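S.K.: build me a model from this:
(chains A and B)
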2 protein chains.
Amino acid sequence: MYIGIDLGGTNIAAGVVDRSGKLICKRSVPTLKERHYSEIIKDMAALARTVAADAKLDDTDIEAVGIGCPGTIDSARGMVVYSNNIKMHNVPLADEFRSYVDVPVNIENDANAAAYGEYIANGNGAKSYIFMTLGTGVGGGIIINGQIYRGFNCAGAEIGHSSIVMDGVPCTCGRRGCLESYASVTALIQQTKDKMAQCPDSVMHGWVAKRGNVSGRTSFECAKMGDKAATEVKEQYIRYIAEGVCNMINIFQPEMLVIGGGISKEGDELLIPIKEFVKRNDYNKCMPRTQIKIAELFNDAGIVGAAMAAVNKA
Amino acid sequence: MYIGIDLGGTNIAAGVVDRSGKLICKRSVPTLKERHYSEIIKDMAALARTVAADAKLDDTDIEAVGIGCPGTIDSARGMVVYSNNIKMHNVPLADEFRSYVDVPVNIENDANAAAYGEYIANGNGAKSYIFMTLGTGVGGGIIINGQIYRGFNCAGAEIGHSSIVMDGVPCTCGRRGCLESYASVTALIQQTKDKMAQCPDSVMHGWVAKRGNVSGRTSFECAKMGDKAATEVKEQYIRYIAEGVCNMINIFQPEMLVIGGGISKEGDELLIPIKEFVKRNDYNKCMPRTQIKIAELFNDAGIVGAAMAAVNKA
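M.R.: Okay, the predicted model is just below:
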């Protein structure tokens, strides 16, 4: 059996995963990310032992541990080269983890791990597969011939940092106009706030007053009530996502493209207009089309993918 | 020995290429693309025999023929699925060619072939390699682990049809804002004409009057003479290319990215500002950087790449 660990800014999640990618059990603990990373690694190892015990496994039953971690990861050396979210710079994460649980350890960028998890679970063995996750940022994963594509320096697949509006909105990466600045949930919240400021009569004001804050759901929920301003925000936001999806399709013509992240729970509300946009704008007019889908594992994708990347490497 | 054929809208070029990718000799004839494709294929076969004779080869010395062809190509079936430039729709090009010269024939999209040719000649075995060619359009090729990446449907690598200006200039593909609409030489010529209309005092008017028409060189040459309007056109054009290059780097983090097409003969004039833009805007701040280079084979890339794709397949 394998253990997958998804190291997030808020929680550390770990699960036992079998060779086929099935999640047997899982648990999570708070990351408390302001701590020194060595404390966090200690907690990751303790959590791994706890989920192993939940599944009645001891150390000898654990074939390998896979860790998905934010930032630039050198999988070959087991190093976190740089992570801004959880402060790490040239940390030998695999070795430090092994000082607690002495099994093979593979580390992977968290978006790559999530992509791989979704691919294993629902990719139907697609020869080329793109995963786009819409959350605080826009993350991505590229799976080609069943392998995670990392770029020569392990820093690839930053599809959220391809620009769609040259010289547009400033991005956290320092550039302008990145897909992330338009299609992340962070961007949607800002787009919602901007529209609310312009439209004092929108029902979004009442919705937000009841719930305390603007969220990624505000425009989607208020659009369902027929609010014009909310509908405009929602449609424009989906248009931004569609622009990015269509770019990825023209570049990769992947067999499958999957959209994940919390907002993807909107399902067809999101998927249908994206598919329509792509159908009209895809460069490919005469060959089979990319299958565009919503992610299915959601929060478990990182655990499963981290574990399966370890299976793949083991 | 191998024969590579580059089927272009203006000329058919063919050459004898050895196993290592060295071009031994070459010739070309006009395509006369308005003819029925069967006439064009007949001329391609005749040209292949002529270059073979130039190299003192007979049919038994030809191990395989590779053909680079515009449009959507199904290499596995040897079919031109669709080509707009030279009118072909579901043409079994490989089989038709073999009716004249009965050797293994591999067909490839022309941009993929050119990318592969440059890769073989000057790619230093890069694990990931992007080729961007700036001409009438913006073509692309993606080489991963030494293999041409085609997408699941052979229609991939259309990097010229990823948008950089959402809802921007209409593109020939029907979409708006594609890189091709800003970074092709066709776009540069339009940008030059627009600026000339705005700036009646620009030295570009005299330059064009002498030469008869606006070309891709107009702004570059007049900028060298210190003309302000020309410098603005040139700098903005390079900025568009850089936007596309930076997008490809953030997505792929390729070991090498190569810029080809006629305009790439401007060399450092083009390359230095692109490198500077990428250095400032690349998402990757802590891992080794993509090597950005100018293509070296120019017009021979298609011949060499088509032949070498046949070697690779043979």
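
S.K.: contact partners for the residue nearest to A:Ile189 when sequence neighbours are not counted?
M.R.: The shortest distance from A:Ile189 to any non-neighbouring residue, by CB to CB, 6 or more residues apart in numbering or on different chains, is to A:Val214 (5.3 Å). For every residue, glycine as well, the C-beta is placed using N, CA and C. Neighbour list for A:Val214: A:Ile189, A:Thr192, A:Lys193, A:Met196, A:Met204, A:Val208 [criterion: CB atoms under 8 Å, 6 or more residues apart in numbering or on different chains].

S.K.: can you check A:Leu93 too?
M.R.: With CB under 8 Å, 6+ apart as the criterion, the residues that contact A:Leu93 are A:Tyr37, A:Ile41, A:Ile67, A:Cys69, A:Gly78, A:Met79, A:Val80, A:Val105, A:Ile107.

S.K.: 7 Å - rerun?
M.R.: Residues in contact with A:Leu93, defined by CB atoms under 7 Å, 6 or more residues apart in numbering or on different chains, are A:Ile41, A:Ile67, A:Cys69, A:Gly78, A:Met79, A:Val80, A:Ile107.

S.K.: enumerate the residues of chain A near chain B.
M.R.: Residues of chain A that fall close to chain B, judged by CB under 7 Å from any CB of the partner chain: A:72, A:81-82, A:127-128, A:144, A:151-159, A:161-166, A:173-175, A:243, A:247, A:250-255, A:281, A:283-284, A:286-288.

S.K.: would you show me how to pick out the buried ones of those in PyMOL?
M.R.: The command below creates a PyMOL selection of those among the residues of chain A next to chain B that count as buried (16 or more other CB atoms under 10 Å in any protein chain shown):
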select buried, chain A and resi 72+81+82+127+128+144+151+152+153+154+155+156+157+158+159+161+162+163+164+165+166+173+175+243+247+250+251+252+253+254+255+281+283+284+287
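
S.K.: still on that earlier bit, ranking by neighbours, what's the top pick from the contacts of A:Val214?
M.R.: A:Thr192 (26 neighbours; other CB atoms under 10 Å in any protein chain shown).

S.K.: please identify the helix or strand for A:Met132.
M.R.: In the assignment (DSSP states H and E), A:Met132 maps to strand A:128-134.

S.K.: returning to that earlier point: among the contacts of A:Leu93, which are located in helices?
M.R.: Cross-referencing these against helices under DSSP state H gives A:Ile41.

S.K.: dump the contacts of A:Leu93 into a markdown table; add pLDDT and neighbour count as well.
M.R.: Rendered in a markdown table, the data for those read as follows (pLDDT from 0 to 100; neighbours: other CB atoms under 10 Å in any protein chain shown):
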| residue | pLDDT | neighbour count |
| --- | --- | --- |
| A:Ile41 | 97 | 21 |
| A:Ile67 | 98 | 31 |
| A:Cys69 | 96 | 25 |
| A:Gly78 | 96 | 20 |
| A:Met79 | 96 | 20 |
| A:Val80 | 96 | 26 |
| A:Ile107 | 97 | 28 |
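
S.K.: and the pLDDT at A:Tyr2?
M.R.: In this prediction, A:Tyr2 carries a pLDDT score of 97.

S.K.: give me the element the residue nearest to it when sequence neighbours are not counted is part of.
M.R.: Computed as CB to CB, 6+ apart, the closest residue to A:Tyr2 that is not its neighbour in sequence is A:Ala307, at 4.2 Å. Using DSSP H and E, A:Ala307 sits within helix A:301-313.

S.K.: same check on A:Asn250?
M.R.: Per DSSP H and E, A:Asn250 falls inside helix A:228-252.

S.K.: tell me what that helix is packed against?
M.R.: Helix A:228-252 is packed against strand A:128-134, helix A:180-183, helix A:185-198, helix A:218-224, strand A:256-260, helix A:268-281, with contacts defined by 3 or more CB pairs under 7 Å, 6 or more residues apart in numbering or on different chains; DSSP states H and E.

S.K.: what's the strand holding A:Met132 packed up against?
M.R.: helix A:110-122, strand A:138-144, helix A:228-252, strand A:256-260.

S.K.: mind putting the ones you listed into a markdown table with mean pLDDT?
M.R.: Written out in a markdown table, the entries for these read as follows (pLDDT from 0 to 100):
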| stretch | mean pLDDT |
| --- | --- |
| helix A:110-122 | 96 |
| strand A:138-144 | 96 |
| helix A:228-252 | 98 |
| strand A:256-260 | 97 |
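
S.K.: which among the ones you listed is found nearest to B:Leu57?
M.R.: The stretch from those with the least distance to B:Leu57 (CB to CB) is strand A:138-144; that distance is 37.4 Å.

S.K.: contact partners of the closest one?
M.R.: Here strand A:138-144 makes contact (CB under 7 Å, 6+ apart) with A:111-112, A:114-116, A:119, A:123, A:128-133, A:148-149, A:157-160, A:179-180, A:183-184, B:144.

S.K.: cutoff 6 Å now
M.R.: Contacts with strand A:138-144, where a contact means CB atoms under 6 Å, 6 or more residues apart in numbering or on different chains, come from A:111-112, A:115, A:119, A:128-133, A:149, A:157, A:159-160, A:179-180, A:183-184.
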